[in-house]
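Colleague: Only the shape, not the letters, is given here:
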C-alpha cells in the first residue's frame with residue numbers, strides 16, 4: 001500500500017487511491033469543481049491543484065494516483081497561487097448573476113471563490129455569452145454560467161444511462177447541451193441540478209421562489225414509490241418549497257427520482273381541508289362532530305362483518321395500525337392494504353420483501369426480471385442494477401414486456417409459462433441462473449396483481465429454490481413493490497383477519513350489498529364503481545377518486561405534514577417527519593381514528609404518537625428498530641396452479657401519474673403530457 005506525506009503527516013492508503021482522496025482521509029480540504037465521488041474522473045477544472053515535491057508544476061490531485069514517497073503540500077504559496085489563477089480564469093466569463101441566481105447561498109463557486117480565490121480580476125475583455133438550452137419542464141439552464149466541469153454529462157452517461165448530454169466545440173467555444181435540442185428523457189434528470197457546482201442548471205419549478213437561507217430543512221423519507229429514498233424537505237411557512245436528496249448509501253446513495261423531487265407542488269392543490277358530508281346527493285362542508293355523527297349513525301345496525309377498510313398506497317404505519325384496531329373493536333375482519341389485489345402471502349415475510357436488499361444488488365451476477373419495469377416502478381433500484389452492470393460480470397434476463405432499460409437485457413419473451421419451464425430446468429435460462437454465484441430474481445406487481453398471481457408467486461419461489469437463489473448468507477428472491485404503504489401494512493397486520501375479505505372480496509361484497517360500510521384510508525386506486533350502494537368514508541388528503549365517491553370525507557395529512565413510520569420494500573423501517581402543518585382543519589390520520597373511536601364508545605388505548613408506536617411495536621416487533629431490515633425466514637408460499645397465457649404487463653402506465661399527490665401536481669402533468677402522451681417517451685433512452 002502506498003505511503004506518502006501530506007502537509008507533514010504520513011499516511012498509508014489503498015492502491016488506486018488518488019492524492020485528493022488521500023487528502024480527504026486526513027481531513028484536509030482540497031477544493032474541486034469537476035471531481036465527484038460517484039462519477040469517473042475528468043480532470044477538467046484544475047481547481048484541485050496541489051504542490052508535489054520534485055514535480056515541475058502543480059498536479060491535479062483528483063487525477064493523480066497516490067504513490068510511495070510522495071510529498072504533498074496542499075496549502076503552500078505555490079498551491080495557493082495556482083488555485084487563485086484557476087479561479088481567476090473561471091471568473092473571466094462568469095456573469096455577475098449572484099443577486100438573481102437560484103444557486104446563491106449554496107453555490108460551490110461562491111464558496112470557493114471566497115476561500116481560495118484572488119481578491120481582484122485582471123481581465124477587462126468582454127464576457128462571452130452562451131445561448132440557453134431547452135432541457136424540458138424540470139431543468140432550467142443559464143449556460144453562460146457553465147464552467148465546463150462536465151458533471152452533468154458524466155451523470156447522464158454513467159448513472160442515468162441516457163446519453164443525451166454532451167459538449168460541442170473546443171476551448172472558449174465549448175458548449176454543453178443535447179446536440180439536437182430536446183428534453184432530457186431520464187427519470188433521474190433532476191440530479192444534475194444538485195451536481196452542478198454553479199448556477200448553470202437549476203430547478204425550473206423552484207426558480208425565483210425562495211432563497212436557501214429562508215428555508216426550514218426537515219429530514220424525512222419519500223413515499224411516492226416503495227424504495228424509501230432519504231430526502232430533505234425544505235419549507236417556508238406553511239408551504240413545501242422543494243425536496244432534495246439526503247445521503248443514504250444503503251438505499252438511494254445521493255440520488256432521487258424526478259417524481260420525488262418535483263411533485264411537491266401537488267401538496268398544495270386539490271387539498272381536503274375540512275370535513276364533508278353528502279347531503280341530498282352533494283358533498284357539503286360539515287364540522288368534525290357532524291361527520292363523526294353521520295358515520296356513527298350509519299354504523300348502527302351493521303354487524304362487524306358488514307364493515308370493511310382498505311388502506312391506500314401512501315398511508316403511514318401508525319394510521320393503518322389504528323384503523324386495524326378500530327376494525328377489530330367493531331368486530332370486522334374485512335381489511336386489506338393491497339389495493340391492486342397483489343397475491344402476496346402475508347404469513348411469510350420472505351414472500352413480499354426485497355430480500356437481497358437494494359445495496360445487495362451490487363453483489364449479484366445474474367438477475368431475472370419477472371413482469372416488472374424497474375425504470376418506472378423504482379428508478380433507484382434500476383440505477384443500482386445499471387451500476388452493477390457497468391462494473392461488468394453481470395447479466396440481466398427479463399420475462400415480461402419489452403421496455404427499454406438503461407442496461408443490456410436478454411429478453412426471454414412474455415409467455416408466463418416460461419416461468420414454470422425455468423423452475424423445472426427445461427428452459428435455457430435455468431442453466432445460466434444455476435451457474436451464477438449470486439443469482440437474484442425480481443418479481444413485480446405486473447406479475448402478482450393478476451387473477452393467477454398466487455400461482456405466479458409459487459412458480460417464482462420454485463425458480464428461486466431450483467436455481468440456488470436461497471442459501472446461507474444470500475437470498476436472491478425479491479418482490480418489487482410500487483406502493484410505499486404496502487410492506488408497512490403487511491407488517492402491521494392490515495390484511496384480512498380470520499374469515500375476512502380481501503380487496504376483491506370487499507368490492508364484491510359492496511357491489512352485492514353484503515358490505516354496508518367501507519372505510520377508505522387514502523385508497524384511490526380501486527374501482528370506485530364496484531362500491532355499489534355502500535356507505536363510503538374517505539379519509540385522505542386530496543380530492544381524488546376516493547373523495548369523489550365518498551359519503552363522508554375526513555381530511556387527513558400528507559406525508560410532509562405528519563410524523564409517520566414507513567417500511568420500504570426491503571423491510572427497512574424509516575421515519576418521516578413533519579415539515580409543515582396540515583391545511584385548515586385537516587389532522588394526522590391516527591388522531592382522526594382515535595377521536596372517532598371515542599365517539600362510538602370504543603376508545604383505542606393510545607392518546608399520543610409514542611403510545612401508538614409502542615402498541616405498534618408490541619404487535620409487530622419490527623417497528624421497534626429503525627433503518628435495519630431484518631432478514632426473513634424462508635418457507636413455502638404461493639398457491640401452485642395453472643398460470644394463464646395472457647402476457648405480463650407493467651402496473652405503471654404513466655410514471656408521472658401514480659398517486660393523488662402526483663395527479664394534483666402541475667409539474668407532473670407537464671411531464672406526463674410531454675413524455676408519455678406527447679410522444680417523447682421517457683423510457684426510450686440509450687445506454688452506454
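Modeller: Nice, I can see it. Predicted model, so just to flag it, every value in this text is computed and none were measured. Numbering: from 1, shown residues only.
Colleague: ranges for the strands of the stretch 551-688 of the chain?
Modeller: Remark: strands assigned in the stretch 551-688 of the chain by DSSP state E, counting those that start in this stretch are 552-555, 564-567, 573-576.
Colleague: Show me which positions of stretch 640-658 end up buried.
Modeller: Within stretch 640-658, the residues that count as buried by 16 or more other Cβ atoms under 10 Å are 643, 648, 649, 650, 651, 652, 654, 655, 656, 657, 658. (Each C-beta comes from the backbone N, C-alpha and C, glycine too.)
Colleague: For the residues you listed, give me TSV that also has pLDDT and distance to residue 251.
Modeller: TSV is the format used below for the buried residues of stretch 640-658 (pLDDT from 0 to 100; distance: Cβ to Cβ, whole Å):
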residue	pLDDT	distance to residue 251
643	91	33
648	93	27
649	91	27
650	90	23
651	91	21
652	92	20
654	92	24
655	94	19
656	95	22
657	94	24
658	94	19
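Colleague: and which of these is nearest to residue 323?
Modeller: Closest approach to residue 323 among the buried residues of stretch 640-658 (Cβ to Cβ): residue 658, at 22.5 Å.
Colleague: Relative to residue 549, how far out is that closest one?
Modeller: Counting by Cβ to Cβ, to the nearest Å, the separation of residue 658 from residue 549 is 19 Å.
Colleague: do residue 574 as well
Modeller: The gap separating residue 574 from residue 549 is 31 Å, by Cβ to Cβ.
Colleague: Just put the strands of the stretch 551-688 of the chain in TSV and tack on distance to residue 58.
Modeller: Output for the strands of the stretch 551-688 of the chain, formatted as TSV (distance: least, Cβ to Cβ, whole Å):
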stretch	distance to residue 58
strand 552-555	62
strand 564-567	49
strand 573-576	45
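Colleague: and the two most separated of the buried residues of stretch 640-658?
Modeller: The widest separation within the buried residues of stretch 640-658 (Cβ to Cβ) is 31.7 Å, between 643 and 656.
Colleague: which helix in the chain runs the most residues?
Modeller: When the chain is parsed with DSSP state H, its longest helix is helix 77-92.
Colleague: ok, then the element right after it?
Modeller: Sequence order places helix 108-116 as the next helix or strand after helix 77-92, per DSSP states H and E.
Colleague: quick one: strands adjacent to the next helix or strand after that following helix?
Modeller: Downstream of helix 108-116, the next assigned helix or strand under DSSP H and E is strand 139-141. Partners of strand 139-141 in the sheet, by DSSP bridges, are strand 201-203 (antiparallel).
Colleague: The partner strand: which residues count as buried?
Modeller: For strand 201-203, using 16+ other Cβ under 10 Å, the buried residues are 201, 202, 203.
Colleague: Pull the residues that contact it.
Modeller: By Cβ atoms under 8 Å, 6 or more residues apart in numbering, the surrounding residues in contact with strand 201-203 are 101-103, 138-142, 152, 190, 192-193, 195-196, 242, 261-262.
Colleague: Could you point out the helix or strand that follows it?
Modeller: Tracing the chain past strand 201-203, the next element assigned as helix or strand by DSSP H and E is strand 216-221.
Colleague: Now do the very next helix or strand once past that next one: distance to the chain's middle.
Modeller: Of the helices and strands lying after strand 216-221 in sequence (DSSP H and E), the nearest is strand 230-236. Distance of strand 230-236 from its chain centroid, counting by Cα atoms, centre = their mean, to the nearest Å, is 14 Å.
Colleague: Parallel or antiparallel, which strands does strand 230-236 pair with?
Modeller: Sheet pairing for strand 230-236, using DSSP bridges, gives strand 216-221 (antiparallel), strand 239-245 (antiparallel).
Colleague: for the nearest residue to residue 666 once chain neighbours are set aside, helix, strand, or coil?
Modeller: Of all residues not flanking residue 666 in the chain, residue 265 sits nearest, at 5.8 Å (Cβ to Cβ, 6 or more residues apart in numbering). Following DSSP: H, G, I helix; E, B strand; the rest coil, we place residue 265 in the helix state.
Colleague: contacting residues for residue 265?
Modeller: Applying Cβ under 8 Å, 6+ apart to residue 265 gives the contacts 205, 665, 666, 667.
Colleague: All the strands of the stretch 351-500 of the chain, residue numbers only.
Modeller: For the stretch 351-500 of the chain, the strands defined by DSSP E, counting those that start in this stretch cover 366-370, 395-399, 410-411, 439-444, 470-471, 474-475, 477-480.
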